[in-house]
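Participant: Using only what follows, build the 3D model:
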Amino acid sequence: MTDRGVIDLGVTVGSIDLAAPVMTASGTAGYGTELAGYLDLGALGAVVTKSLAPYEWPGNPAPRLHPTPQGMMNAVGLQGPGVQYWLDHVADDLVATGATVVVSIWGRSVDDYAQAAELLAAAPPAVVAVEVNLSCPNLEGRGSIFAHDVALSAEVVAATEACGRPRWAKLSANTDRIVEVAGAVAEAGAEAVTCINTLLGLAYDPATLAPTLGAGGGGLSGRAIHPVAVRAVHDVHRALPELAIVGVGGVASGWDAVELLLAGASAVQVGTASFADPRAAQRIQTELAEWAVSRGLTRIADVGALA
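Facilitator: Numbers count the residues shown, from 1 in each chain. Sure, this is the predicted structure:
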């Protein structure tokens, strides 16, 4: 009932046509190949890599993960081998799976982002977009988060043009200026925004009375943040209806994906759910398609028009 002959799974994000509406979320599928043994990566809209800097980065001290009701907190700290290592040792294997790829980049300064983007100019054609992770501390601005600063967010996006691909800016809901940031990054060249990243959180260990995560606080993800993600997508879409949105945050079922599409997203990403079920993205895509068929739709791209 849900094969491609019955319903058209294709969606468009900015200038990019994707074969399906569900992607993996950055930081929850490794660098892509890790999930290849569990599901057909080519059947998804795209695989979004873990965020890569223009250099190797060790990340935060352990412990890095803490379970919470309806979610989890992480303070991995963006550990990674860097863009060049990914290009040299991972990219070809991921492309060989048939996956469409979106590479996420991060940095500690505007120049870091620019360098990461320049390196990605040499990426294979299967890399169709670059997601600019703005939820990173700006070491040039006393540790402030890029995504919380309208002007800085725009500056970062403008600095990443050298990647030669459409850019999606990943935004934070830890600010009441998310709509302003979305408008600024669009003017700076972003074709789409990804809403949302994790929410700031903190938990204490009852035995040690110390924070449960080695870095202190962390990012909350999972079902608990889903209503926040839906509201963020709704608010950005209402203010900027021409801007493409990728919805992410607490997507664990087909209905969760539907909610983000109804709120104004063109496509969705699945993150924390993949830790419990590596096949979650494909299952959720099937559930989404079944829901659309049950409503008499022939195209997933028409879900948003129902709202």
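Participant: all strands of the stretch 201-307 of the chain, in order?
Facilitator: 218-221, 244-248, 267-270 (DSSP state E, counting those that start in this stretch).
Participant: Throw those into TSV and include distance to Leu87, mean pLDDT and mean neighbour count, thanks.
Facilitator: Any C-beta I mention is one placed from the backbone N, CA and C, and that applies to glycine too. Below are the strands of the stretch 201-307 of the chain laid out as TSV (distance: least, C-beta to C-beta, whole Å; pLDDT from 0 to 100; neighbours: other C-beta atoms under 10 Å):
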stretch	distance to Leu87	mean pLDDT	mean neighbour count
strand 218-221	27	96	25
strand 244-248	23	98	29
strand 267-270	22	98	29
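Participant: Can you pull out the low-pLDDT segments for the stretch 51-200 of the chain?
Facilitator: 138-143 (pLDDT under 70).
Participant: in its sheet, what does the top strand by length along the chain sit against?
Facilitator: In the chain, taking DSSP state E as the definition, the longest strand is strand 127-133. Using DSSP bridges, the strands paired with strand 127-133 are strand 101-105 (parallel), strand 167-171 (parallel).
Participant: residues near the closest residue to Ala229 other than its chain neighbours, how many?
Facilitator: If the residues on either side of it in the chain are set aside, Ala229 comes closest to Gly249, at 2.7 Å by C-beta to C-beta, 6 or more residues apart in numbering. Residues lying near Gly249 (other C-beta atoms under 10 Å) number 32.
Participant: Leu288 too?
Facilitator: For Leu288, the neighbour count with other C-beta under 10 Å is 27.
Participant: I'd say it and Leu260 touch.
Facilitator: No. In this structure, Leu288 is not within contact of Leu260 by C-beta atoms under 8 Å, at 10.0 Å.
Participant: hmm, back to that, angle of the longest strand of the chain against strand 244-248?
Facilitator: 70 degrees (axes from the mean of the first three to the mean of the last three C-alpha atoms, to 10 degrees).
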